[in-house]
Each structure stands twice: as structure tokens, then as C-alpha cells.
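Undergrad: Pasting the sequence and the predicted model now:
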Amino acid sequence: MNTESVKEWLFKYILVVTLFLGILFLFLGYTDILPTDEYIVVRNICKETGAIIIAGGVFASIVKSSQFSGIFSDLLRNIVYCTEHLEKRKDLELIWEKVSKALCRQKFKDISDDLHNSIKANYLPIDHEYYYKDHNVDIDIEYDAENPGYVFVTESLHTTIISDDTAKIPVVFKGSIPLIQSERNLTTYELTELKVNGKDQVLAKVAKVDRNSKELTYENKIECAGSTTYKIIKKEKKRYSLKANPYRGQNAIWLYDNYAVEIIYPKEISIEFLDMGVLKRWHVEKKHNAATKRLKATYEGLIFRKQGFLILFREKL
């Protein structure tokens, strides 16, 4: 019989072996087989050793039993994965990655890595410090009477930023406006109002406008701190060529919870509103009177990164 066979036999019959040895030591300790005066120390050692062996054998048998293992595993799983415990852990991202990768490998082995990375990058914006709630944009378009083909666009934003803590977070609003090179000075941008929780921001400090031969870019950067909720009001006025800007889009770089956009525009313009990758459909309503038209699109629910809408403008000939 080799060593491995002996180990397997001992593990299988551990309770029998330990009971036999324990009883043997207790027998030697409590009977007169060993003279009391000459082997008193040995007999005391046998008593203690026998008791230890029996107790250890019983415990080992319980631990190796499948029933105990199942109960122990369930208890451990409940402790490790209970909500109270998880919320205190600092390695939740690592835990999620392990679980997510294992799930992806079970269902889609060949594309599991790409699937996991795409979900993490686009549907779990864990690198973001906040999200937008009830994001409402109002756009008013009217023709520039002095410059044919150009429009004035007044855009108002009302939104709420939700953060988990009161630490300082940078908030950036930016965009670009394509322009006609020979008429580049006709394309303009002006930030007219910016408020955070009712307090006016210094417009000259937060607004940054750059112009080159192809486009005008703008950026409004503010820092919010001291609260977990920030109500933002932003108003801006643009002038640009409708021919150079036949569309208006929103491609989310943050997480949005509920979004609404309302546009008032001249009757000479027609609009087509397109969903861009959202999980549900935008609800679109159109109304018009003798002078203007109105379009309102609402989305209830979450909009993730690289999702949003596209509006196409067409002038009637």
C-alpha cells in the first residue's frame, strides 16, 4: 500500500481511527494496567491525550462532511455578499470584474473579453463622479434677417447634477459649431447666463471660445463642491449657418436620468428626430401655428454613454 492510499484510507475513516486511539489512551490513563506510583505522569498524559484526540476527531469528521460544508459555504456566502458588507468593501470593482468575466465566459466564451470590456466602458460609468437628472433643453431658432442662410439659436438648459459625496467635482459643458471659412466671423457664441444652486457664475471666467478656419469651439467649466445636489441653469446664444449645421445631436458622455428637449423653429424648416442607440424610444410630439413650429421629445429612464438623439434640419425650397 503506497503513501497516497494510506492518506485516503485515514481521511475516509478518520472518525474510527481517532475514536480507537482516544479510547486506547483513556483506557491506559484510567485503568490499573499501568502502575499508579511508577507511571502517574504517563497516566495523566494519556487521559489528556485521549480526550483531545476524541474531540479533534469528532470535529474533523463534522468539518469534512458534505452537509456541514454546504451549511458553512452558505453562511460564508451570505456574510461576504450581503449588502451591508459589500457597501463597506473597497474592491467592489475587482469583485464585479471577476463575476462579470465568469458570467461572460459561461455564455459567450469566444467574445467574453470584448463583451465584458464594452459593458464596463459604456454601461458602468464608474469613473464618473456624478450624473444628470431631469436634463431639460429648450432651443429657440429664428432667422437672422441681416444674413441670409443664418439663424440665431437661443438655448436654455435646466438640469440637476447628483453626486455621492460633497467633494469638489469639475463640470464641463462644451461643443463645436462648423463654420463657412469665407464667413467665419458670422458664426458666434455667447454664454449669457450660468447659475449653480441659484448663484451666478462669473461668465468671463468659465466661458472659453476658440475659432479656427473650420469650426468654432466653446467650453464652460465650473467646479461644484459642498453638496450632493447641484441645480444648473445655463443659457447661451449662437449664430451660425444652417447649411453648415444641418443637424443638432446629443451623444452622452455621462449618465442621464430623464431627458427632455423642446425646439421652437420657423415654419420654413422641417425637422426629423432620430433615436441614437437608446434602450427605449423617445416620445416625440409636434405642434405648429401660422408662424412657428414646435417639437418636444422626452425620454424617461437612463441614457448611457454614446447614446442620445440626432435632429436633422431641412429648409423648404
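TA: Yes, it's here. Residues are numbered from 1 along each chain as shown.
Undergrad: how about the strands in the stretch 151-300 of the chain?
TA: 169-178, 188-196, 199-200, 207-211, 215-224, 229-241, 247-251, 256-266, 269-276, 283-288, 292-303 (DSSP state E, counting those that start in this stretch).
Undergrad: Could you point out which of those strands sits nearest residue 153?
TA: Smallest distance to residue 153 across the strands of the stretch 151-300 of the chain (Cβ to Cβ): 4.5 Å, for strand 229-241. C-beta: built from backbone N, CA, C; applies to glycine.
Undergrad: What strands flank the closest one, and is each parallel or antiparallel?
TA: Sheet partners assigned to strand 229-241 using DSSP bridges are listed as strand 150-163 (antiparallel), strand 188-196 (antiparallel).
Undergrad: Okay, buried residues for the first one please.
TA: Of all the residues in strand 150-163, those buried under the rule 16 or more other Cβ atoms under 10 Å are 150-153, 155-161, 163.
Undergrad: quick revisit: just put the strands paired with strand 229-241 in a markdown table and tack on distance to residue 122 and mean pLDDT.
TA: Shown next, in a markdown table, are the strands paired with strand 229-241 (distance: least, Cβ to Cβ, whole Å; pLDDT from 0 to 100):
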| stretch | distance to residue 122 | mean pLDDT |
| --- | --- | --- |
| strand 150-163 | 20 | 96 |
| strand 188-196 | 28 | 96 |
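Undergrad: In TSV, list those strands along with distance to residue 298.
TA: Listed next are those as TSV, based on distance: least, Cβ to Cβ, whole Å:
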stretch	distance to residue 298
strand 150-163	14
strand 188-196	24
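Undergrad: Let me know the average pLDDT across the helix or strand containing residue 23.
TA: Secondary structure assignment for residue 23, by DSSP states H and E: helix 14-30. Helix 14-30 shows a mean pLDDT of 66.
Undergrad: Please apply the same query to stretch 274-284.
TA: On average, stretch 274-284 scores 93.
Undergrad: what do you get for stretch 111-126?
TA: So the average pLDDT for stretch 111-126 ends up being 76.
Undergrad: what's next to that stretch, contact-wise?
TA: Stretch 111-126 is contacted from outside by 93, 96-97, 100-101, 104-105, 108, 131, 254-255, 304-306, using Cβ atoms under 8 Å, 6 or more residues apart in numbering.
Undergrad: number of nearby residues for residue 126?
TA: 9 (other Cβ atoms under 10 Å).
Undergrad: Can you verify it is assigned to a strand?
TA: No: under DSSP: H, G, I helix; E, B strand; the rest coil, residue 126 sits outside any strand and is assigned coil.
Undergrad: do you know how far it is from residue 227?
TA: Going from residue 126 to residue 227 by Cβ to Cβ, to the nearest Å gives 22 Å.
Undergrad: Can you get me a residue count around residue 252?
TA: Counted with other Cβ under 10 Å, residue 252 comes out at 22.
Undergrad: Would you mind giving the buried residues of strand 150-163 as TSV with distance to residue 276 added?
TA: What follows is those, written out as TSV (distance: Cβ to Cβ, whole Å):
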residue	distance to residue 276
150	27
151	23
152	26
153	20
155	19
156	22
157	19
158	22
159	19
160	23
161	22
163	26
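Undergrad: Out of the residues you listed, which comes closest to residue 313?
TA: residue 151 (8.9 Å).
Undergrad: where are the low-confidence patches of the stretch 101-250 of the chain?
TA: Along the stretch 101-250 of the chain, segments meeting pLDDT under 70 span 125.
Undergrad: Spit out the contact partners of the spatially closest residue to residue 290 that is not a sequence neighbour.
TA: Nearest residue to residue 290, sequence neighbours excluded (Cβ to Cβ, 6 or more residues apart in numbering): residue 267, at 7.6 Å. Residues near residue 267 by Cβ under 8 Å, 6+ apart: 288, 290-293.
Undergrad: buried subset of the residues you listed?
TA: Buried by 16+ other Cβ under 10 Å: residue 293, out of the contacts of residue 267.
Undergrad: Tell me which residue lies nearest the centroid of this protein.
TA: By Cα atoms, centre = their mean, the chain has its centre lying nearest to residue 124, at 3.1 Å.
Undergrad: Return the distance of it relative to residue 100.
TA: If you go by Cβ to Cβ, the gap between residue 124 and residue 100 works out to 9 Å.
Undergrad: what does stretch 155-164 contact?
TA: If you take Cβ under 8 Å, 6+ apart as the criterion, stretch 155-164 is touched by 129-140, 169, 171, 173, 224, 227-238, 257.
Undergrad: residue contacts, residue 248?
TA: Residue 248 neighbours (Cβ under 8 Å, 6+ apart): 139, 310-311, 313.
Undergrad: Could you measure from it over to residue 134?
TA: 20 Å.
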